[in-house]
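> Sequence below, structure please.
(2 chains)
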Amino acid sequence: MACKLHRVRFYNPKPEQINCVSFNTKSKLLALARQDASIEIWDLNFAPFLLKFKPGEANTSVEALGWVNHRLLSTGLGGALLEWDMETLSIKFTMILTGYAAWCLDVNSSNTLVAVGTEQGYINLYSVENDEIVYKKIFDKQEGRILCCKFNNTGSVLVTGSIDTIRVWNVETGHATCRMSVSRRAKETIVWCLAVLSDNTVISGDSHGRLTFWDGNLGDQIESYKCHKSNILSIAVSDDENSLYCSGVDPVIMNFVKVNCSSGKQSSAQWVKNVQRNIHEHDVRALVIHGDKLISVGADGYLTLSSYPPKWVMRIPPMIPAPRSAVCPQKKLLLLRYSNYLEVWKLGSYAVNESGNVTVTNVNLNQSLKQKDSNNELEKDSEIDALSITDNKSEKQHQAKSLKLTEAPIKLVSIQTKGKKQIKCCDLSPSGELIVYSTDSNMTLLKLECDDDQTNISLAKVLVSGLECCDRVAFTEDSRTMVAYKDGELKVLQVDPEAGATIVQNIACEKYLRSKCILHLQISKDTPSKTIYLVAADTQSDIAVWIKKDNKFRFYVSLPKYRCVPSALTFDNEEEKLIVAYVDQELIEYDLVKARASKSAVSESAAWRARSAAAAALCVPPARPAHPALLARDDSSLWLLRSDAPQADAEGPTPKKKNKKKNAVNPNSQIRIIPMKYLADFHWLGDDEAVTLEILPENIISQLPPVIATKRHNV
Amino acid sequence: MAKLHNYYVLCPLIDQNSFLGVSQDRDDENVIVTLGRNVVNKFRLSDQKQISGWTSKDHLTSAVIFDKEQEAYVGVFNRNTIKTWKEDSDNLDKIKKYKFSVNIFKVISRGNQSSLIIFENGNCASLPYALDNRKSYENKQLIKESETIVDIACYSIATNDYICYVTKNNKNTYDIITCTIREELGDMDKSKLNKTKVSRPEDVYVVGELISTGDKPCVYFLWSDAKLTVYDLMKKSWKTIGIVPWISTSSSVSISWMGQDHLILFGSNSDQDGAIIVAYNIILGVGSCRYPMKMYSENAKLYCFNGLIILEASNHIGMLPYVLETNRNLSSLLGSHDIVDDTCAEIADWDTPVEPIFNETEEIRDLLKVGLTERGMCTQVIPPLLEKGNYQKVFKTLQGFKDIPESILVLLLNYAIKLVNPVNVDITNHEDFVKFCDCDDESDEVKKVLKDKFKILDYLFQVTFSDAMLIPYLRNDLSLDNALFLMSYISYLLVDSDKNFNASYESKLFDWCILLMDAFYQQYLLTKDDKTTIVLNNTQKVVTSLIDKLIQVNSALPLLHKISSGKQMENNDESLSYAIELIEI
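Next up is the predicted model:
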């Protein structure tokens, strides 16, 4: 069924550069910090999924991150070592460092010691055993700031890099055992990154683009490669120490492999250049090897995963964490969340002719898919495999027909947060009259009043009593009840736009949710059985459901435990089902009436299973069976899942047959993919009207700092 | 003055020897290039794109032309066959041939009249007539065996059409043959044939010629001593124009007509180590612009179409855009005028009339006899007139002078301002000022008088002057108030007035504005007067709004062009920030 799709492409939050990452090899969690000091925790066990998000604060910085088992440490230019509470994402412990601003941090392999390098040249050593941070030692002061530090495998040796020098320290005594001079021809050289191998070989990357191998015992240079045109900022060594990657301001990712060359009796190992990858256009700040995948991050803000061979790239664009938008279908309002402000837009409208049909201005074949820019050497995102299978049918659908606009979208209001703090969560009531947002210290409820012709727009603050701030918030369909989550408690608030919001019920969740950090909070619409469900899911993959009875929410059921976190969930209001998508691409349908879980047929199909991105949202279309049963969204595509038998009324029976043959494994499930780069959100506005929030890659690039100039001969 | 822009390539030449020529297409901006013996291409001048083209198995022997009467292209094949074809024909070999028993020299188009066929024996006939009677068409030799036709052109004087030949004989002497051509038939009226010998008493020879068929039909000859002479086809008289500078006249020079008193010449440069293009002003007898080129090619074909010089170069056809202005910037001409002593004594027919040929007024009659210069006369005649105060008389006398001294100009300005008497009007009040300038408030009679007074002022702005000489007079004799009034009046003329004036007058107005700013800038800076600020702000507003309009026109032009050429506007949806699309979900 043809659907009028409002394609909103003016939502362009500023992409924030990624400063540093730390990968926890045990829990497979990746912590990354951005330029605005926000910290994100990504779960890389299955499809990459943003688990936790801590908004950044003004005038703070995170320069280095480190995992100590399940504890996350960070340091920055503020000159303190911080430990983060992983449940509430707040500071748990602060340790003031000696030597002002800190540039680097490393944890030894046994997770007992942390070394922090500072501006004044002091290395601070802390013991981190027994869930504590205890001061242990300060090494001898050295000249100049310490920009990088690395423990060796045993933790007995620490190697530090600063301007013109690399020092090797004995951790026990705190004295330097070796000093290597990096400067050449009196040119200042900054050692940006280091790696230490188990045989005490030290590898350094410097500001002249040189990758140098040193003997860590004697301080001799073994080899040096001028492999980059500019600063090398990061080195990542594989676990078996046979391969390493380096990259930096010159964003080519260079791979070196160890080659054993045995000549006669003597066998010696040599590092040689292997492949190089052009994945980034901007500075690469950090590299992490995770199994067969290389994670690279940098100034472009993308979290990029790549592997070779075969060449495969997956880019996760820098986006504001979900929920990043909300709609009021009735008034066609769209709420957009930016890092520290909100915007409310009134969507445009299309022209309708006398006979009531929409007027189409032009039919444009959507060729953007296959467009190849020969000039651009950058490796493209690997396409979804399933796309090529299902593509033959969708040839027709690529003919997007643009409708004539009678009204352009209008920005009604822009709401700055109090103190310009970053937003944690926000929502727009289904009635379109209330907007709620919370920063980590302040929760605000606003009433939006607007004439039909958008001449009189007023915004009034509505009092919220009893609640300072919250982590998640959701409205019921009638917009009169609001549920907010804070510190392991669900607060049910009665909302009156005139009188204000007051807490009417507190639900303690610790019985049902093991983690205090929740991922999802949703309230169903009125179901056929006249019940309203409330669901909350946490980062430990616990999902609990409450039902509303007599104006009170009561615990109803907990879903069966599953091995991984749910990436998206939604209610099927008509059939009273809860549909949950997990990061391992499992799709579970939970019948709320019968309290029974069943696997969705769709999730069996190979195309669905082969997905590399987690489903970021699920959406049940309002009018069925005209629409497919379920819509799933990830960052780069919209998946239309049809579990029932195909309909006869659709046009073009021949291509459909073909399609059937291809999906012969499961003839009942049909999958169609609409690629959109990057799809930030999708909402239904009515039976045949929807809105997509798109962030075009070129809009991300246009907001990034300039890249280093490279000579391209073909330009 | 002519200004030549940058040279660029229209298309490459296959073989220079077989290149036949360029001619104008139906539209001004397209040209037909007869590239070789069997290739004809059409090019758009604006983007140098080939828009269509034809090839033929038969050899073309003269440049293909577009015949406006038949709306068809006409080409001469194998020297004796004519083919005509339309825009959409794709195969020239299948088109009907009209074979003649006499060899054809070329076909020339005559605007809206039917084209002329020129035969090698010197006869001509209109195209339809010749095609109809080609079997019986016989004519006696008009041009001797020893002569060759160098150039042919048609021109008309009053309602009569003429044809003009320039021929060259084996002794390298040139003749001009003119003859009336009969209507419809297009053949020559032999009884009115006229032959003129081209010669000069000195030992010189002709290196370049051009039949100009503009307002004044005439034939230009460039001689080996760089002298340019002209034969007026109407008066049948010779005149020497001057010496063409910069160009070497030891080899042949190609000449073409640029328009507005300018010839364009292409020849070897004076050092003979490259070529040069020279724009030559025939009124002033000076070279006004030159453009150096790398390669000289003998007898290169040179054309001027649509503001472009089109030149045959060694391996390509080049284009050189130019601008012609009738501006008075004499300084650009300095050094371009060569004076050569005429060593040969010539008996000049001064034809000196005893009485001047123009109607002199009584004021200057005496002065004329004394032999005063125009400036001198002006200084003596105008001031007493101003004191008497009859403005109509002043205006009339004024129009008799072309060269007005700057001091008198300032006097006249003051006088004209006093005439319109702007004392009572507040120039800071825009509405009042416009009303005042439109003379709206007055009764009809007063209005007429006042309008006449304004006319003097309007006239004064178009008088030529020298900036440097005028500024001191302006500073001394013009009051600040008057200067402000003039500036306001100029902005009124530019924006609010409904008077019509041409571009050069408008450019003069801007010059005056600059001049007033120049002359009074210190006073403008130092006065804290609100009036000054308002006038200056207003002028600035006028200028910026005019610039904005120019930019708008500039941006609208390609769009209009696109629409007029019937192209659909490209709507790049992907880059739009918002769209509603119909998508199957």
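> So what's the residue count around residue A:95?
17 (other C-beta atoms under 10 Å in any protein chain shown). Heads up, the C-betas are built off the backbone N, CA and C, glycines and all.
> Nearest spatial neighbour of residue A:129, chain-adjacent residues omitted?
Nearest non-adjacent residue to residue A:129, counting by C-beta to C-beta, 6 or more residues apart in numbering or on different chains: residue A:112, 5.3 Å away.
> what's near enough to touch the one you found?
Residue A:112 is in contact with A:127, A:128, A:129, A:155, counting by C-beta atoms under 8 Å, 6 or more residues apart in numbering or on different chains.
> can you check residue A:535 too?
Residue A:535 sits in contact with A:520, A:521, A:522, A:523, A:524, A:543, A:544, A:545, A:546, A:569, A:571, A:578, where contact means C-beta under 8 Å, 6+ apart.
> I'd like to know which of those are part of strands.
Members of the contacts of residue A:535 lying in strands (criterion: DSSP state E): A:520, A:521, A:522, A:523, A:543, A:544, A:545, A:546, A:569, A:571, A:578.
> I figured the fourth one hits residue A:483, correct?
Yes - the pair formed by residue A:523 and residue A:483 meets the contact definition of C-beta atoms under 8 Å, at 6.2 Å.
> and those two? which has more neighbours close in?
Neighbours were counted for residue A:523 and for residue A:483 using other C-beta under 10 Å; residue A:483 has more, 24 against 20.
> Name the helix or strand for that one, please.
Following DSSP states H and E, one finds residue A:483 within strand A:481-486.
> picking up where we left off before, need the pLDDT of the residue nearest to residue A:129.
On pLDDT, residue A:112 comes in at 93.
> Then residue A:427?
So, for residue A:427, pLDDT stands at 94.
> any idea how far it lies from residue A:419?
Separation of residue A:427 from residue A:419 (C-beta to C-beta, to the nearest Å) stands at 21 Å.
> Between these two, which has more neighbouring residues?
Taking other C-beta under 10 Å, residue A:427 and residue A:419 do not tie; residue A:427 has more neighbours (23 against 11).
> what's near enough to touch that one?
Residue A:427 sits in contact with A:323, A:326, A:335, A:435, A:436, A:437, A:473, A:474, A:475, A:482, where contact means C-beta under 8 Å, 6+ apart.
> what do you get for residue A:113?
Neighbouring residues of residue A:113 by C-beta under 8 Å, 6+ apart: A:107, A:125, A:126, A:127, A:128, A:136, A:151, A:155, A:171.
> which residues does residue B:469 contact?
Applying C-beta under 8 Å, 6+ apart to residue B:469 gives the contacts residue B:406.
> re earlier: looking at the contacts of residue A:427, which is nearest residue B:254?
Nearest to residue B:254 out of the contacts of residue A:427 is residue A:335 (C-beta to C-beta; 73.5 Å).
> quick one on the thing from earlier: relative to residue B:259, which of the contacts of residue A:113 is nearest.
Checking the contacts of residue A:113 against residue B:259 by C-beta to C-beta gives residue A:107 as the nearest, at 84.3 Å.
> Quick check, that closest one in contact with residue A:67.
Yes - using C-beta under 8 Å, residue A:107 is in contact with residue A:67, at 6.7 Å.
> what's the overlap in contacts for the two?
In contact with both residue A:107 and residue A:67: residue A:73, using C-beta under 8 Å, 6+ apart.
> Who has more neighbours out of those two?
residue A:107 (22 against 19).
> Just the pLDDT for the residue lying closest to the more buried one once chain neighbours are set aside.
Of all residues not flanking residue A:107 in the chain, residue A:66 sits nearest, at 4.5 Å (C-beta to C-beta, 6+ apart). On pLDDT, residue A:66 comes in at 95.
> ok, residue A:66 to chain B distance?
Applying C-beta to the nearest C-beta, to the nearest Å, the value for residue A:66 to chain B is 42 Å.
> got a list of what that residue touches?
A:22, A:72, A:73, A:74, A:105, A:106, A:107, A:114.
> Now stretch A:566-573: average pLDDT?
On average, the pLDDT along stretch A:566-573 is 91.
> contacting residues around it?
With contact meaning C-beta under 8 Å, 6+ apart, stretch A:566-573 is reached by A:47, A:49, A:519-520, A:522, A:524-527, A:533, A:535, A:537, A:541, A:543, A:577-583, A:589, A:614-620, A:632-633.
> Stretch B:18-36 now?
With contact meaning C-beta under 8 Å, 6+ apart, stretch B:18-36 is reached by B:10-11, B:13-15, B:37, B:40-46, B:51, B:60-66, B:68, B:71, B:73, B:75, B:109, B:301, B:303, B:305-306, B:310, B:312, B:317.
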